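**Q** The following block contains a protein sequence and its predicted model.
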Amino acid sequence: MKKIFQTADELFRLEAALLRDYLPTDREGDLIYSLISFVRSHARLPTENKIFNDVLFKINTSDEILNPLRVFVSDKEHGKQYIKSILGNDVNVPTLRILRNKEDILSYHFPERCVIKPTHASGEVIIREAGERLDLAKLQSWLALSYYKKTREANYRYLEPKILVEPILFDDPNLSDIKVFCFQGKAKLLFVDLNVRVKHQRKFYDVHWNPLNFSLRYPNPAALSLLRPLNLDAMLAAAERLSEQFSFVRIDFYSNQERFYVGEITNCSGAGLAKFDSYENELRASEIIFGPY
């Protein structure tokens, strides 16, 4: 008999889609969806303790995620305005164009080298390296994308659908990026994403650039030793200034050692569903960020 589902992940995706379609699109429905997704991902119930994913769950299912500032920075265009107001425009990734409708997409002459992504969602991106043919139908479909309906992260619910076009920074399409977790305005923990387009890896460090032997969602290349960025202190200081108005938030950077750009401000990293390689390591990371609990 032919298998209907090849993997448990396929079944989970179907279950999640059914939940999204049939649960009411209100805060009660968001809570039910988030709770089921949390239990499915972590095989436990969320708690009130200062544990990494539990804290994200609480932010995502409480009124905190509806804080106007969190909603504002969830929009990649508006996030740049906030970054500019705190740090100046020099650290913003340059904007080549904002496309607001299908006519803008069809009439725009895209640069041969550029990065294209929706301002109102996460995870979707096209990197054009050498004038490759673009799937304009896909770009148009982004304008109908509701990231809220996909993830039930309410901060995305009322964002205006737009498409952002940016340059390839430092002329490197495979650029590694540094992401800093801040709690109560202090940088606490960071990771470097590597080989995102080929074989995604993730390496954790404390703020003094001491490597940490745990992983979150993607494998940790334990044998790989990365040089401490020359501008790490400047990035950490920038992260702290940007995070002052948030309880717990992630600030994302791109750097070439000499200069850095702020990529975006991430309210709920992985929607609180990304798993550490072990629960013990989630507790270790949590203690680094939040202190003993």
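**A** Looks like it came in fine. All values reported here derive from a predicted model rather than from experimental measurement.

**Q** Find the residue ranges of the stretch 151-293 of the chain scoring beneath the pLDDT cut-off.
**A** Along the stretch 151-293 of the chain, segments meeting pLDDT under 70 span 173-174, 293.

**Q** for the residue nearest to Pro219 when sequence neighbours are not counted, phi and psi?
**A** The shortest distance from Pro219 to any non-neighbouring residue, by CB to CB, 6 or more residues apart in numbering, is to Gln201 (5.6 Å). Glycine gets a C-beta too; all of them are placed from N, C-alpha and C. Torsion angles at Gln201 (phi, psi; degrees, to the nearest 10) stand at phi -130, psi 160.

**Q** how near is Gln201 to Asn60?
**A** Using CB to CB, to the nearest Å, Gln201 is found at 26 Å from Asn60.

**Q** Next: Tyr156.
**A** With CB to CB as the criterion, Tyr156 and Asn60 are 11 Å apart.

**Q** where along the stretch 51-200 of the chain do the strands fall?
**A** Secondary structure of the stretch 51-200 of the chain, counting by DSSP state E, counting those that start in this stretch: strands at 97-99, 114-118, 126-128, 163-166, 177-183, 186-194.

**Q** Sheet-wise, list the partners of the longest one with their directions.
**A** When sheet partners are counted by DSSP bridges, strand 186-194 sits next to strand 177-183 (antiparallel), strand 201-206 (antiparallel).

**Q** buried sites along that strand?
**A** Ala187, Lys188, Leu189, Leu190, Phe191, Val192, Asp193, Leu194 (16 or more other CB atoms under 10 Å).

**Q** Please tell me I have it right and Pro211 contacts Tyr205.
**A** Yes: in this structure, Pro211 is within contact of Tyr205 by CB atoms under 8 Å, at 5.7 Å.

**Q** where exactly do the helices run in this protein?
**A** 8-22, 27-42, 52-61, 68-74, 76-87, 102-107, 136-142, 147-151, 232-243, 279-290 (DSSP state H).

**Q** Now do the fourth one: distance to the chain's middle.
**A** Remark: helix 68-74 is offset 14 Å from the chain centroid, using CA atoms, centre = their mean, to the nearest Å.

**Q** Which of the residues in that helix are classified as buried?
**A** Across helix 68-74, burial judged by 16+ other CB under 10 Å covers Arg70, Val71, Val73, Ser74.

**Q** Is it possible to get JSON lines of those residues that adds distance to Leu169 and pLDDT?
**A** Formatted as JSON lines, these follow (distance: CB to CB, whole Å; pLDDT from 0 to 100):
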{"residue": "Arg70", "distance to Leu169": "25", "pLDDT": "98"}
{"residue": "Val71", "distance to Leu169": "26", "pLDDT": "98"}
{"residue": "Val73", "distance to Leu169": "20", "pLDDT": "98"}
{"residue": "Ser74", "distance to Leu169": "22", "pLDDT": "98"}
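
**Q** Now for those residues: which two are most distant?
**A** Val71 and Val73 (7.7 Å; CB to CB).

**Q** How about residues contacting stretch 74-91?
**A** Residues outside stretch 74-91 that contact it (CB atoms under 8 Å, 6 or more residues apart in numbering): 69, 72-73, 92-93, 95, 98, 117-120, 155-156, 159-160, 162, 164, 238, 241-242, 260-262, 264-265, 267.

**Q** Are any of these buried, and if so which?
**A** 73, 92-93, 117-120, 155-156, 159, 162, 164, 238, 242, 260-262, 264-265, 267.

**Q** Leu31 versus the nearest residue to Ala154 once chain neighbours are set aside, what's the distance?
**A** Distances taken as CB to CB, 6+ apart place Ile65 nearest to Ala154, at 5.4 Å, with adjacent residues excluded. Distance, Ile65 to Leu31, using CB to CB: 11 Å.

**Q** quick one on the thing from earlier: if you count surrounding residues, which of Pro211 and Tyr205 has more?
**A** Tyr205 (18 against 13; other CB atoms under 10 Å).

**Q** correct me, but that one touches Ala187?
**A** No: with contact defined as CB under 8 Å, Tyr205 does not reach Ala187; the gap is 11.0 Å.
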